[in-house]
Structure formats: structure tokens, C-alpha cells
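Undergrad: this one's structure only:
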């Protein structure tokens, strides 16, 4: 169980919302605390989850040690990350990047990103928090946006990555 009260409160809120989540990583092992929210399976029965990472004041302070003005006290960051469970080939990466750019125009919070090193697409959104975890409404909004991304873009990313579809083909079918 996390020591951080923000992560404890977040896990309690997720539980109250009926969402399956598990704590992963502690401050002793990593420079952040995290939990994973189960998003079930995608259309091809691959597991999908959102990892919520909490970067505390200690980590942020160490980043800004050399600056004249210190960070505001009790500031921390929550990052929400959902990896698209699809491996992207070098052959289709250009089309995937083009699809991501178009998709990002309709994602209200956060964005899809592409890692060339990992050959992976992921959704991410980060928010600063002061002293208190985000409200239930804020948390729900972020997780609903992740659901929107999963339901709206995963199959298109899959089809483009497999070479079954092009971005132009997707656009003409809409």
C-alpha cells in the first residue's frame, strides 16, 4: 500500500467508483508511486490499462535544485499513461504518426504519442496537483477520455499498423 496520502486517496476513489485498480511501485523502489486501472480487453482480447503515476514534491524539488525560485510547496504531478497494445512496424510508422496527428485534434484532454524506440503508441495526460488529489469528477473525466481514445482510435491504429488500411482510406470512409 502506498505511503503517500494522495495515492491512497486516489486508490480509495477508484474503488468507490467501482474501477479495478492495483498499487504498483513504492517510493523505496522508484522515484514515484503508481497504480494501474484495469480497462479490460480491446477488440482483439489484448489487456488495456491506465497507469497513474504520482511524482511528489521531493522529485520535483530535486529537478529544480539549481533554480533561484523554489517550486511552490505541496506541488506534485499526476500522469495518466495508457499504452496501445499494438506493435508498430518501421514500414507503417509514418502512417501511424500521421493518424496520431489527426486523432489528437479530437482528443479533449491529453494526446496520443509515438515512441520510435519502443515502436509503441500511447495516450498520456498530466496534471499538476496542490496538496489534494483531483476531484472525483476530474478523475472520471480523465479516465473517460482514455476510454474514448481506446474505443475510437485503437482499431484504426491496429488496421494501419497491419497495413490493412491507410489514413486516406480511413478519412474517405468517415
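TA: Perfect, I can see it now. It should be emphasised that the depicted structure is a prediction, and the values quoted were computed from it without experimental measurement. Numbering: from 1, shown residues only.
Undergrad: quick one: the closest residue to residue 122 other than its chain neighbours from residue 39, how far?
TA: Residue nearest to residue 122 in three dimensions, not counting chain neighbours: residue 83, with 4.6 Å by CB to CB, 6 or more residues apart in numbering. Yep, even glycine has a C-beta here, placed from its N, CA and C like the rest. Distance from residue 83 to residue 39, counting by CB to CB, to the nearest Å: 11 Å.
Undergrad: same thing with residue 132?
TA: With the distance defined as CB to CB, residue 132 ends up 25 Å from residue 39.
Undergrad: which one of the two has more residues nearby?
TA: Taking neighbours as other CB atoms under 10 Å, residue 132 and residue 39 compare with residue 39 leading, 17 against 10.
Undergrad: so which helix or strand takes in the more buried one?
TA: strand 33-41 (DSSP states H and E).
Undergrad: so where do the helices sit in this protein?
TA: 5-16, 57-63, 93-104, 136-161, 167-173 (DSSP state H).
Undergrad: Please name the nearest non-neighbouring residue to residue 150.
TA: Residue nearest to residue 150 in three dimensions, not counting chain neighbours: residue 48, with 5.9 Å by CB to CB, 6+ apart.
Undergrad: quick one: contacts for that neighbour?
TA: 39-42, 82, 85, 150, 154 (CB atoms under 8 Å, 6 or more residues apart in numbering).
Undergrad: Filter those down to just the buried residues.
TA: When neighbours are counted using 16 or more other CB atoms under 10 Å, the contacts of residue 48 contain these buried positions: 39, 42, 82, 85, 150, 154.
Undergrad: how near is the spatially most central residue of the chain to residue 113?
TA: Nearest residue to the geometric centre of the chain (CA atoms, centre = their mean): residue 81, 1.8 Å. Per CB to CB, residue 81 is found 9 Å from residue 113.
Undergrad: what's the overlap in contacts for those two?
TA: Here residue 81 and residue 113 share the contacting residues 122-124, scored by CB under 8 Å, 6+ apart.
Undergrad: ok, those residues vs residue 107, which is closest?
TA: Checking the shared contacts of residue 81 and residue 113 against residue 107 by CB to CB gives residue 123 as the nearest, at 7.7 Å.
Undergrad: ok, that closest one to residue 6 distance?
TA: Computed as CB to CB, the residue 123 to residue 6 distance reads 22 Å.
Undergrad: Tell me which of the two has more neighbours.
TA: residue 123 (26 against 19).
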